[in-house]
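**Student:** structural data only, the sequence is not supplied:
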């Protein structure tokens, strides 16, 4: 399993606008090969900003990389440069591979 | 859904020892009420260290907090102060709440 996490420092007062922007997007992710699940996560409040993260699980790194070369990706990121005033700095992409997995006991 | 992520900066050369430490642990997590899933994640290599994260989904923040007050938690963290020489600094805990979820289309 492969995780891509893009970390956004959203300026205080911009939280609702930021969340609304994500919720209003049409997405083709559910049909993308190798896509597993997406969460938009709200994290800690820090000095003047709230940490958010887009959090996407993929079956493999190859599936993620194939998506970044697709027209669906270009479409999804067409407006990525807009709304820059919402942020305290540029987003930071972190990618992870799972090396151990523990699931809940069924039932 | 609630995510707790503990971020570890593991010194270069200590990656195998760190992963082995996690794999060798007995865990009671699968039976903990409200526990959803755990991943140990290997992230980017940076200046002298590799970023790892323990990544645990819970049904709710209350489920996570109840676990931190349990004897299973104390047991799991009994040796947390050992192996300090593996790390470049203290781990950083970040907690997140999911504000949007998108799942893959079934099939």
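**Tutor:** Okay, I see it. The shown structure was predicted, so the numbers you read here are calculated from the model rather than taken from an experiment.
**Student:** distance-wise, check the residue nearest the centre of chain A relative to residue A:91.
**Tutor:** With distances taken as Cα atoms, centre = their mean, the residue of chain A nearest its centroid is residue A:54 (2.1 Å). Applying Cβ to Cβ, to the nearest Å, the value for residue A:54 to residue A:91 is 8 Å. Every C-beta, even on glycine, is put in place using the N, C-alpha and C of the backbone.
**Student:** same deal with residue A:42?
**Tutor:** 15 Å.
**Student:** more crowded one of these two?
**Tutor:** Legend: neighbour count by other Cβ atoms under 10 Å in any protein chain shown for residue A:42 and residue A:91, higher for residue A:42 (20 against 15).
**Student:** okay, that one and chain B: tell me how far apart.
**Tutor:** 5 Å (Cβ to the nearest Cβ, to the nearest Å).
**Student:** so that residue, which state does it fall into?
**Tutor:** Under DSSP: H, G, I helix; E, B strand; the rest coil, residue A:42 falls in the strand class.
**Student:** ok, it touching residue B:100?
**Tutor:** No - taking Cβ atoms under 8 Å as the definition, residue A:42 is not a contact partner of residue B:100, at 9.6 Å.
**Student:** overlap in contacts, those two.
**Tutor:** residue A:19 (Cβ atoms under 8 Å, 6 or more residues apart in numbering or on different chains).
**Student:** ok, back up a step: mutual contacts of residue A:54 and residue A:91, please.
**Tutor:** A:6, A:8.
**Student:** for chain A, what lies in contact range of chain B?
**Tutor:** The interface of chain A toward chain B, taken as Cβ under 8 Å from any Cβ of the partner chain, is made up of A:1, A:3, A:19, A:22-23, A:27, A:29-31, A:35-44, A:51, A:53, A:55, A:94-105.
**Student:** tell me which of these fall in strands.
**Tutor:** Among the residues of chain A next to chain B, DSSP state E puts A:3, A:35-44, A:51, A:53, A:55, A:94-103 in strands.
**Student:** for chain A, what helix or strand is lowest in average pLDDT?
**Tutor:** helix A:71-76 (a mean of 84; mean pLDDT, DSSP states H and E).
**Student:** where does the prediction get shaky in chain A?
**Tutor:** Along chain A, the parts satisfying pLDDT under 70 run over A:106-107.
**Student:** mind listing what residue A:18 touches?
**Tutor:** With Cβ under 8 Å, 6+ apart, residue A:18 has these contacts: A:8, A:10, A:52, A:83, A:86.
**Student:** can you tell me which of the residues you listed is nearest chain B?
**Tutor:** residue A:52 (8.2 Å; Cβ to the nearest Cβ).
**Student:** test my guess that the closest one contacts residue A:45.
**Tutor:** No - in this structure residue A:52 lies outside contact range of residue A:45 using Cβ under 8 Å: 10.8 Å.
**Student:** counting neighbours, go ahead and name the busier of these two.
**Tutor:** residue A:52 (23 against 12).
**Student:** ok, residue A:17 to chain B distance?
**Tutor:** On the measure of Cβ to the nearest Cβ, residue A:17 and chain B end up 13 Å apart.
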